[in-house]
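# here is my input, please return the structure:
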Amino acid sequence: MNGETAPFENEQAAINAPRTALAQVDCHGAFLERLRMERPIRPEPDDRRDPEKTVTPRQLECLRLLVQGANEAEIAAALAITVHTVRFHLDRARRTFAARSRTHLAALAVSAGIARP
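Predicted coordinates for the structure are as follows:
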């Protein structure tokens, strides 16, 4: 190092320097606490709201047509929307009901009484 002295006594001191600096900053803990307060904790599956109440009217329309046996193109034509929008609504409904597939979604909707085959 051309006769210059190293800023740290040894390699371990250099590794621990950032940790030591963070420990000395008082606002570090406050920052983490504020971050926890700003970001809501994702609810556990038991804490989720009732899917029947959180599904939108458009998702419900798509879901009812799906249960009656309509495919994506038929649903799109019946509701005057694009096939992409039908896929979006059915995917959101599937996530709301925590269904594994569209078939599972249709079965859940029938068993919940919100759609009839």
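# which secondary structure elements does the helix or strand where Phe88 lies contact?
Per DSSP states H and E: Phe88 is located in helix 83-97. Contact analysis of helix 83-97 by 3 or more CB pairs under 8 Å, 6 or more residues apart in numbering; DSSP states H and E lists helix 51-54, helix 57-67, helix 72-79, helix 102-112 as its packing neighbours. Every residue, glycine included, has its C-beta placed from N, CA and C.
# residue contacts, the closest residue in space to Leu108 that isn't next to it in sequence?
The shortest distance from Leu108 to any non-neighbouring residue, by CB to CB, 6 or more residues apart in numbering, is to Phe97 (5.0 Å). Residues counted as contacts of Phe97 (CB atoms under 8 Å, 6 or more residues apart in numbering) are Pro51, Val55, Leu105, Leu108, Ala109.
# check Ala99 too.
Neighbouring residues of Ala99 by CB under 8 Å, 6+ apart: Leu105, Leu108.
# so how far is Leu60 from the residue nearest to Leu108?
Counting by CB to CB, to the nearest Å, the separation of Phe97 from Leu60 is 11 Å.
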